[in-house]
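In: Here's a sequence, model it:
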Amino acid sequence: MRNTKAFKDAVAQTLSELAQRGVTVRPGTVADVIERNTRTVAERLGIQERSAWRYFDAAALAESIARQQQEFEDSSNASGAGQAPMPPLGNPELALILAGVPDMLAETGGDLYAVILNVAANAWMAGHIHGEDGCTGCEGSRGPAGHDWQTRMKAITAQAPDIDRWFDPQVWTEALIDSGFTVTRR
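Out: Numbering: from 1, shown residues only. Okay, the predicted model is just below:
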């Protein structure tokens, strides 16, 4: 299905409609939705997939995707859903995590999935440690001493006094290039 002209045109039309609405969605995601919807229409109507294209409407699909995205954003903002316990910008531990990305890319041979997984897990832990004094789920699980967050941040800063430089995109990009990798958009 994906190799047909109709499919490629449908993806291009939908992306264009989304752009007109100010919504950015990855082309692969749009392609997945179109493929799933076309197959569903064909199955429900008992017709061939190539005949299901007459029911395709790029504007209607783009409107549906835009509405769903807006509904998600509205519900997420109100309830805080989808917000990981991230450390604040300027947090030495977050800078340490950012500093490790170029090295991790080099160590994994460019396995971006492994790098993202590592960063996500470590950033979540850093955010959790940063905010765990107010984490009701963690009460009693840290032992009688708990965690001294200020001492932890001072220790990181003492080991790497210039750790703040990792919040400068230019420094990070230079380190990434030095590791032999770059990020380009196709």
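In: which intervals of the protein have sub-threshold pLDDT?
Out: For the chain, residues meeting the criterion pLDDT under 70 lie at 75-89, 124, 126-150, 152, 185-186.
In: Past the top helix by length along it, which element shows up next along the chain?
Out: Within the chain, and with DSSP state H defining each element, the longest helix by residue count is helix 58-79. Towards the C-terminus, the helix or strand next in line after helix 58-79, according to DSSP states H and E, is helix 92-107.
In: Would you mind listing the buried residues in that following helix?
Out: 92-102, 104-105 (16 or more other C-beta atoms under 10 Å). Placement of C-beta: from N, CA and C, glycine included.
In: Which of the residues in the longest helix of the chain are classified as buried?
Out: For helix 58-79, by 16+ other C-beta under 10 Å, it's 58, 61-62, 65-66.
In: Go through the residues you listed and name the one nearest residue 183.
Out: For residue 183, the nearest member of the buried residues of helix 58-79 is residue 65. The distance, counting by C-beta to C-beta, is 25.7 Å.
In: now that closest one: how far from residue 39?
Out: 17 Å (C-beta to C-beta, to the nearest Å).
In: circling back to that earlier point, among the buried residues of helix 58-79, which one lies nearest to residue 180?
Out: The shortest separation between residue 180 and any of these is 37.0 Å, and it belongs to residue 65 (by C-beta to C-beta).
In: all helices of this structure, in order?
Out: Counting by DSSP H, residue ranges of the helices within the chain are 5-20, 27-45, 49-52, 58-79, 92-107, 112-131, 149-159, 169-178.
In: With distance to residue 73 as extra columns, can I get the buried residues of helix 58-79 in a markdown table?
Out: Formatted as a markdown table, the entries for the buried residues of helix 58-79 read as follows, by distance: C-beta to C-beta, whole Å:
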| residue | distance to residue 73 |
| --- | --- |
| 58 | 22 |
| 61 | 19 |
| 62 | 16 |
| 65 | 13 |
| 66 | 11 |
